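Peer 1: Quick check, what structure comes out for this input:
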Amino acid sequence: MAEQVSDRIHIDAPPERTYEVATDYERYPEWAKDVKQVTILERDDLPSAPAARAGVPQARHAHALQPGGLAALERLVPGLQAALLAAGGTPVDFPGDLAWLSAAGWLPGPIMNAPAYLALTAVGEAMLVAFGLASVFTGLGREAFGFRQIGSVALAAVIGAGLLLQAAAAMVGGWAVGGPEQVPAAWAVVQGSAKGEYRVLWIGGLDGQPFPAPGGDPSDQVDAGDATLRFGVTERTGTSALDTGRPLVGPGTDRVAAALEEILSGTTQHGGALLAPFGIRFLVANSDGFPEAASERLSAQVDMDLVPAAGLVIYRTASTLPTAAILDEQGTATDIMADGSPAAVARLGRVRVSPLHRVEGGWDGGEGSGPVFLSTEFDAAWTLEGGDAAPDTAFGWATSFGSTQAPVEVRYGAQLPATIQAWLLAIVWAAALWITRRPVAR
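Peer 2: Okay, the predicted model is just below:
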């Protein structure tokens with residue numbers, strides 16, 4: 001058996017002073033009794049800014065610190081995290097980044113849905129726990145009993161209890177933000193009084209609180225004096241925990257804000273028509289603390305009706321377009337859709353439509369003939385199967401196609417390039433990890 005020799009000393013000095021003395025090689029003979037003379041043959045100049053240095057392995061590679069490692073280094077070198085960020089380091093939220101990639105369509109098709117994202121996150125957490133426990137318990141049998149053993153047992157107990165509690169919460173929990181017990185009874189008015197696909201506009205005052213469940217958090221704010229409101233848009237089922245960290249952005253959100261500004265400023269009485277292109281059928285707010293001025297402006301709209309409901313303020317719009325449909329009218333509605341200005345959209349009345357049903361990658365179905373409308377932000381990658389017609393901009397932000405005969409199939413044509421790019425990035429990253437691997441000392 002190989003003999004091992006170890007020694008330990010206590011240095012009563014801060015880390016900075018210790019490092020300064022340890023790197024002052026010329027003065028080693030003054031305090032190191034076994035060093036008689038030091039001759040510096042070559043000295044490497046330290047750069048004043050972060051830069052790769054010759055002789056430093058993997059100096060040009062990207063490096064990452066896991067939370068546990070960063071916490072350990074922060075204890076040894078206080079202020080390290082702040083120094084890394086000041087030098088250009090970037091904090092990374094891996095689960096949050098996955099959510100953004102999934103929402104943007106940059107992940108391969110099989111893992112673009114919410115359950116797949118959750119599964120990937122769960123696998124990552126399980127691997128982190130597994131590797132963490134493996135590193136903790138390695139070599140415990142050769143160590144004297146002490147704080148290491150006690151800490152390892154405590155860590156295992158905390159992790160085990162946490163996993164059991166999370167599993168129990170998952171078995172009895174729901175997807176709605178706030179939980180089923182926090183959803184107001186009046187929400188049944190929204191859920192049960194309309195069929196088909198539509199959206200809900202959640203509104204509220206500046207009280208700093210989230211919307212009533214399942215409304216989630218506000219995504220933007222419309223400044224209108226004493227009628228100022230925060231707002232958010234969800235599908236008919238409301239928001240879920242999967243929407244955390246995925247705020248609404250883009251031309252569509254800007255148009256919703258502009259429509260709300262018209263309503264709250266009192267310059268229009270056709271707020272329902274202005275909100276129709278977004279598929280918004282209901283406006284929902286908490287009755288507690290809702291601004292009186294905003295309530296007066298909403299009640300002044302001729303195409304929005306106040307629905308009696310205890311605990312919630314609910315308005316139902318008279319003019320609403322489905323999230324995807326064939327418009328049976330090709331006259332005024334088509335002209336308004338092509339114009340897109342608020343003045344033109346305010347003239348939009350009830351439009352006879354044939355809704356499309358959502359399928360993977362787009363929409364199908366419909367009856368009759370007419371222009372196809374998609375209440376989704378314009379993207380030239382949308383295609384109408386069986387034809388070569390290019391999409392047009394509808395209402396200044398959405399997507400439409402010219403008159404066509406049902407049934408129709410609308411598909412998004414840019415997913416394949418995004419999928420290929422994602423896989424290529426994964427392959428390149430895996431190759432880089434393999435090339436730069438280091439053999440493990442045994």
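Peer 1: Using the three-state scheme, assign Thr234.
Peer 2: Three-state call for Thr234 (DSSP: H, G, I helix; E, B strand; the rest coil): strand.
Peer 1: Relative to Ala51, how far out is the closest residue to Arg53 other than its chain neighbours?
Peer 2: Counting by C-beta to C-beta, 6 or more residues apart in numbering, Arg53 lies nearest to Ala59, which is 5.7 Å off, once chain neighbours are set aside. Heads up, the C-betas are built off the backbone N, CA and C, glycines and all. Applying C-beta to C-beta, to the nearest Å, the value for Ala59 to Ala51 is 8 Å.
Peer 1: Val353 now?
Peer 2: The gap separating Val353 from Ala51 is 61 Å, by C-beta to C-beta.
Peer 1: List the buried residues of stretch 383-393.
Peer 2: Residues 383-384, 391-393 are the ones in stretch 383-393 that count as buried (16 or more other C-beta atoms under 10 Å).
Peer 1: picking up where we left off before, Val353 and Ala51: which has the busier surroundings?
Peer 2: Neighbour tally, Val353 and Ala51, criterion other C-beta atoms under 10 Å: the higher count belongs to Val353, 22 against 9.
Peer 1: Quick check: bridge partners of that one?
Peer 2: Note on Val353: beta-bridge partners by DSSP bridges are Leu327.
Peer 1: if I look at it, how far off is Pro184?
Peer 2: According to C-beta to C-beta, Val353 and Pro184 sit 30 Å apart.
Peer 1: Equivalent analysis for Gln37, please.
Peer 2: Per C-beta to C-beta, Gln37 is found 83 Å from Pro184.
Peer 1: In terms of neighbours, single out the busier of the two.
Peer 2: For Gln37 versus Pro184, the count of surrounding residues by other C-beta under 10 Å is larger for Pro184: 19 against 7.
Peer 1: Who are the contact partners of the more buried one?
Peer 2: Going by C-beta atoms under 8 Å, 6 or more residues apart in numbering, Pro184 touches 212-213, 311-312.
Peer 1: burial count for the residue lying closest to it once chain neighbours are set aside?
Peer 2: Once flanking residues are discounted, Pro184 sits nearest to Gly311: 4.6 Å by C-beta to C-beta, 6+ apart. For Gly311, the neighbour count with other C-beta under 10 Å is 13.
Peer 1: thought Gly311 was touching Ala285?
Peer 2: No. Judged on C-beta atoms under 8 Å, Gly311 makes no contact with Ala285 at a distance of 10.5 Å.
Peer 1: Report pLDDT for the residue nearest to Arg53.
Peer 2: Confidence at Ala59, expressed as pLDDT, is 71.
Peer 1: Just the buried residues of the helix or strand harbouring Thr404, please?
Peer 2: Element membership of Thr404, judged by DSSP states H and E, is strand 398-405. By neighbour count on 16+ other C-beta under 10 Å, the buried set for strand 398-405 is 398-401, 404.
Peer 1: Show me where this protein has its helices.
Peer 2: Ranges of helices in the chain, per DSSP state H, are 15-22, 28-31, 67-76, 80-86, 94-104, 114-137, 147-172, 187-192, 251-264, 271-275, 292-299, 332-339, 342-345, 415-435.
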